[in-house]
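> pasting the sequence and the predicted model now:
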Amino acid sequence: QVQLVESGGGLVQAGGSLRLSCAASGRTFSSYTMGWFRQAPGKEREFVATVSWSGGSTYYSDSVKGRFTISRDNAKDTVYLQMNSLKPEDTAVYYCAAKTGYIKYGADEYHYWGQGTQVTVSS
């Protein structure tokens, strides 16, 4: 069992930046693949980015590739999502998630979820 708490969301103008953090507690953080997902009003939850347990492998959705960076600090039990060049279409609730095993992109592959943090990008 692992508990996840996101922070860092807020209101930002288009073109701005935010860094989300997700602090984990419970079982050994370094054993989990970590992911970020987002859900906009009226839409399904979608994959944003994922990072392997070691931090050595990362993958992104096409919509954020080149703008967002996922990273992790296993010494601090924390995963980050650096979001640059934000667009109004990035507005959503962002969720941190954890899974055992290899990197996967589907939300149903992840076992543990945080409560989410709201990101709003104004035009």
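Done, it's in. In this text, all values refer to a predicted model and were calculated from it rather than measured experimentally.

> where does this protein dip in pLDDT?
For the chain, no stretch is flagged by pLDDT under 70.

> nearest the geometric middle of it, what residue?
residue 36 (2.3 Å; CA atoms, centre = their mean).

> can you tell me how far it is from residue 123?
23 Å (CB to CB, to the nearest Å). Where C-beta positions appear, they are placed from N, C-alpha and C, glycine not excepted.

> who's in contact with the residue nearest to the centre of the chain?
Applying CB atoms under 8 Å, 6 or more residues apart in numbering to residue 36 gives the contacts 20, 22, 48-50, 70, 79, 81, 94-97.

> which residues does the residue nearest to residue 112 when sequence neighbours are not counted bridge with?
Closest residue to residue 112 apart from its sequence neighbours, by CB to CB, 6 or more residues apart in numbering: residue 98 at 4.4 Å. Applying DSSP bridges to residue 98 gives these bridge partners: residue 34, residue 112.
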